[in-house]
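1. Sequence first, predicted coordinates after that:
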Amino acid sequence: MNYNSGILVDTNSQLTRLKYFLEHIYSGGTPNTENSEYWTTDPHSGYAWVSIGDMSGTDLVSITYKRITEEGRLSKNLEILPAGTLIYSMYASMGHVALLKIPATINQALLGLKFNINIDTRYAKWWLTYLRDYVAAEASSNTQNNLNAEKVKNLPFPVIKLKTQKKIADYLDRETARIDALIEAKEKMLALLEEKRQALISRAVTKGLDPDVEMKDSGIEWLGKIPAHWKIIQLKYLINELIQGTSPVASNIPATENEYGVLKISSVSKGNFLPFENKALYDLPDNLHLYTIAKDDVLMTRGNTPKLVGDACYVDQNYPNLIVPDLIYRIRTEKSKLHSKFLTYFIISNSGRMQIDQSAKGSNESMIKLSQNEILNWLIVVPSLIEQNEIVNYINTFTEKSLQLSKEIEKSIALLKERKAALISSAVTGNIVVNEENQESKI
């Protein structure tokens, strides 16, 4: 792999290969997941086992989701990597690096890099972070979009003094920590906004908008008190249709404007409809018209992980060229009784979630499903249509304001991440000069 083209480096340095600075390179593996003797849930026994998921959103690994036993370790002849080892991802999240803070084993998608005494491992982390875009670009230009140990060993690496490495690492550790703290604070703001929206939806669709309205006991423990003039009705008496989609043969690319497409399960996302999440159809099924999508439809995922199953969204216009897939239900309400968007908000409310959790079934935790019969028997709190419209408009208004604020926060997070990437690039390539005589850094 030739990375020298396009890679910036300090004019006082030269590039060589990573392998010349490695004391040891570790490979990993995954013990048989069906063998319970190879895995443990006891956090005080066995060995930490690092997967790519453990590196998500961090460059320091101090805890892992899974642990393996001594039998599991021996089954794959896995080495225990010492704390301070640098972990490098070869497949998903290609080129992502993280520093081990604990002794651990790793899976086959990762490599463990232990450097010799001439290299500060923290500096190596920042250099390899800088290289990540180049690695991805090079890999995508090949037929196999991945790395291997040999390619990683031949990555370019600058030859600079250990003292300078330490100063650059100190500088980046300090400055990126400040940026990360700002990002974390803004991400907490996003989470709080979503929590506030969820609480508002849950209250509005079960308690209404009038704080002084007379209340009555619903007789349902998870529902509590509701407005005295509201009714509790099973969903089957409020809808005209609940149909499961189909699974036609489709491509891996979205449909164009004039093509037919089948929705992906990701088209229903946290209460939002994402019509562009679809796959173009190769052949049109004979009964295509039975599965098309129209304004006021409610879409709900019938199969997914426990947290995502039952996600619902409202369709605000006709999509005659899109059809519902097998893992999504299409619901059409009796409009004289139930506003489609009110139903959507109820499904994604805490009360809706309670019924989803009670109804979802499956032996595999990665895929559980909702049956039509269970859904038809769900209980819905129903005010008059006038109140339903008022509630929908109220939630819509709040959601629009919340969405605008969220977009502004997300934009500022993106800018901070760009600033962090630019800072790393400038520091490791010498555009930010870290003086060897002191700890000061300047641009």
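-> Done, it's in.

2. Could you list the low-confidence segments of the stretch 51-200 of the chain?
-> Low-confidence segments of the stretch 51-200 of the chain (pLDDT under 70): 140-145.

3. 80 instead?
-> 92, 137-146 (pLDDT under 80).

4. Spell out the residue ranges of the strands in it.
-> Ranges of strands within the stretch 51-200 of the chain are 60-61, 66-68, 86-89, 97-100, 105-106, 110-115, 156-159, based on DSSP state E, counting those that start in this stretch.

5. Just say which of the ones you listed is most tucked in.
-> strand 105-106 (a mean of 28; mean count of other CB atoms under 10 Å). (Each C-beta comes from the backbone N, C-alpha and C, glycine too.)

6. For residue 430, I want the exact helix or strand it lies within.
-> Assigned by DSSP states H and E, residue 430 belongs to no helix or strand.

7. check contacts around residue 267.
-> 273, 274, 275, 277, 278, 299, 313, 328 (CB atoms under 8 Å, 6 or more residues apart in numbering).

8. change it to 6 Å
-> Listed by CB atoms under 6 Å, 6 or more residues apart in numbering, the contact set of residue 267 reads 274, 277.

9. How about the backbone phi and psi for it?
-> phi -70, psi -20 (degrees, to the nearest 10).

10. what about it, distance to residue 275?
-> 6 Å (CB to CB, to the nearest Å).

11. Tell me the pLDDT of residue 442.
-> Confidence at residue 442, expressed as pLDDT, is 40.

12. meant to ask about residue 271, not that
-> For residue 271, the model assigns a pLDDT of 90.

13. Same check on residue 243?
-> pLDDT, read off for residue 243, is 96.

14. where's it relative to residue 296, distance?
-> Taking CB to CB, one finds residue 243 at 15 Å from residue 296.

15. where do the helices sit along the stretch 1-150 of the chain?
-> Applying DSSP state H, counting those that start in this stretch to the stretch 1-150 of the chain gives helices spanning 52-55, 70-75, 121-130, 132-140, 149-153.

16. ok, residue 243 and residue 296, which is more surrounded?
-> residue 296 (17 against 14; other CB atoms under 10 Å).

17. list the contacts for the nearest residue in space to the more buried one that is not next to it in sequence?
-> Nearest residue to residue 296 in three dimensions, chain neighbours excluded: residue 340, at 4.4 Å (CB to CB, 6 or more residues apart in numbering). Applying CB under 6 Å, 6+ apart to residue 340 gives the contacts 296, 298, 314, 333.

18. Can you tell me the closest non-neighbouring residue to residue 56?
-> residue 93 (7.3 Å).

19. Correct me if wrong: the one you found contacts residue 51.
-> No. Judged on CB atoms under 6 Å, residue 93 makes no contact with residue 51 at a distance of 10.6 Å.

20. quick one, which of the two is more surrounded?
-> Each of residue 93 and residue 51 has its neighbours counted (other CB under 10 Å); residue 51 has more, 19 against 15.

21. Name the nearest residue to residue 120, sequence neighbours excluded.
-> Nearest non-adjacent residue to residue 120, counting by CB to CB, 6+ apart: residue 165, 4.2 Å away.

22. quick revisit: so how far is residue 55 from the residue nearest to residue 56?
-> Distance from residue 93 to residue 55, by CB to CB: 7 Å.

23. same check, this time on residue 118
-> From residue 118 to residue 55 the distance is 26 Å (CB to CB).

24. more neighbours, the two?
-> Neighbours were counted for residue 118 and for residue 55 using other CB under 10 Å; residue 55 has more, 21 against 13.
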